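Asks: based on what follows, work out the 3D shape:
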Amino acid sequence: MTANLRRRKIFSRIFEGLCGLAVIIALIPLAMILFYVIKEGAGALNLDFFTRMPKPVGESGGGMANAIVGTLILISIAALFAVPVGGICGVHGCLECCRGHVRFLSLQVSVRRKFMRL
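Replies: Just a heads-up that it's a prediction; the model follows:
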């Protein structure tokens, strides 16, 4: 090993350690904030929080029912468009991979025969 390579490896190890230390220093305050939010907010989580409608500004209590229902509606609409497109793309990719229906069907038959022998 040459001296130049040895020096580069030493510097690489030093800076890897410094980067790891920087990550740890950055994660400490984030972890403290996360634990504080969990500690303070855990008491507010109950069934009413998820099933009741929000209250007007300034009133205590309220829930997140409309946000949950809205999220479910949005996900349903996205799935309505994405699932058929994904299925069509998957079938097209499978057929393109095997170069046509005949090869695709013969591949299925050969795979089934192979597994039936096992």
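
Asks: before we move on, which element is Lys55 in?
Replies: Lys55 belongs to no helix or strand when assigned by DSSP states H and E.

Asks: begin at 21, not 1, for the rest of this chat.
Replies: Sure thing, new numbering starts at 21, so read that last one as Lys75.

Asks: quick one: contacts for it?
Replies: By C-beta atoms under 8 Å, 6 or more residues apart in numbering, the residues touching Lys75 are Gly81, Gly82. In short, each C-beta sits where N, CA and C put it, glycine included.

Asks: how about low-confidence regions in this protein?
Replies: 115-138 (pLDDT under 70).

Asks: 90 - rerun?
Replies: Scanning the chain for pLDDT under 90 picks out the ranges 21-24, 60-86, 106-138.

Asks: can you list contacts of stretch 21-35?
Replies: Residues outside stretch 21-35 that contact it (C-beta under 8 Å, 6+ apart): none.

Asks: list the buried residues in it.
Replies: Buried residues in stretch 21-35, counted by 16 or more other C-beta atoms under 10 Å: none are found.
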